[in-house]
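>>> Sequence first, predicted model second:
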Amino acid sequence: MKSYLITDPSFYNDLPGFQHYLENVFSKHQPDFVCFRDKVTQNILPYAKRFLEIAAAAGISATLINREIALARKLGFWGVHLTSQQVSEIAAVSRDFFTVVSTHTLHEALDAEMRGADAVTISPIFASPGKGEGKGVDFLCNVSRKLQKAKVFALGGIVSQKEIAQIHRCNPYGFASIRYFI
């Protein structure tokens with residue numbers, strides 16, 4: 001099962017803190033995919049550049065950026081992770097990037113797949129701060145069975161091997177997490 005790190009600015013306050021956060025994560029884990037996601041920092045350009053540098057030094061080439069399509073093009077990210085509100089942009093970006101779309105229902109996941117997404121995150125599987133109760137492993141299994149082309153990453157409340165073992169029976173492509181990698 002593939003692993004997918006998503007960054008969160010609650011774990012750093014400034015650029016040196018961001019570098020320390022990533023270096024600490026990569027000293028313990030070797031995720032297959034990494035996504036720079038920062039919805040609070042005003043100027044993310046230096047963070048996005050540093051993210052790419054640190055990922056490259058860790059030997060990770062599957063780098064994505066959340067929401068920021070123009071910045072992905074400018075800096076040479078490998079992929080983009082679109083929000084569920086950006087589904088209309090899938091066809092335009094999927095030619096240039098590996099495209100992941102955040103989804104929360106079977107309908108959203110099927111729609112993203114039909115529009116050309118390479119992968120979806122489906123969440124929350126388990127209870128997660130700010131996301132409410134999880135939809136459960138059976139929900140994940142159903143989505144994983146229904147999608148034919150798009151890869152499925154389970155997301156939400158995956159913080160240990162316990163949750164990974166539970167989702168394994170659904171045969172998702174992988175899991176995505178923020179807190180698992182801390």
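Thanks, I have it.

>>> could you point out where the protein is predicted with low confidence?
Counting by pLDDT under 70, the chain shows no low-confidence range.

>>> need the contact list for Val87.
The neighbours of Val87, taking Cβ atoms under 8 Å, 6 or more residues apart in numbering as the test, are 101, 108, 111-112, 115. Placement of C-beta: from N, CA and C, glycine included.

>>> which of those sit farthest apart?
Set against one another by Cβ to Cβ, those have their most distant pair in Glu108 and Arg115, with a gap of 10.6 Å.

>>> Pro46 reaches Leu15, doesn't it?
Yes. Contact between Pro46 and Leu15 holds when scored by Cβ atoms under 8 Å: they sit 5.8 Å apart.

>>> Using the three-state scheme, assign Phe26.
Local secondary structure at Phe26 is given as helix here, using DSSP: H, G, I helix; E, B strand; the rest coil.

>>> Once you drop chain neighbours, what's closest to it?
Distances taken as Cβ to Cβ, 6 or more residues apart in numbering place Ala58 nearest to Phe26, at 4.1 Å, with adjacent residues excluded.

>>> wait, the one you found sits on Gln30?
Yes. Distance between Ala58 and Gln30: 7.3 Å, which falls inside the contact criterion (Cβ under 8 Å).

>>> shared neighbours of these two, which are they?
Applying Cβ under 8 Å, 6+ apart, one finds that no residue jointly contacts Ala58 and Gln30.

>>> what about the strands in the chain?
2-6, 33-36, 63-66, 79-82, 98-103, 119-122, 151-155, 174-177 (DSSP state E).
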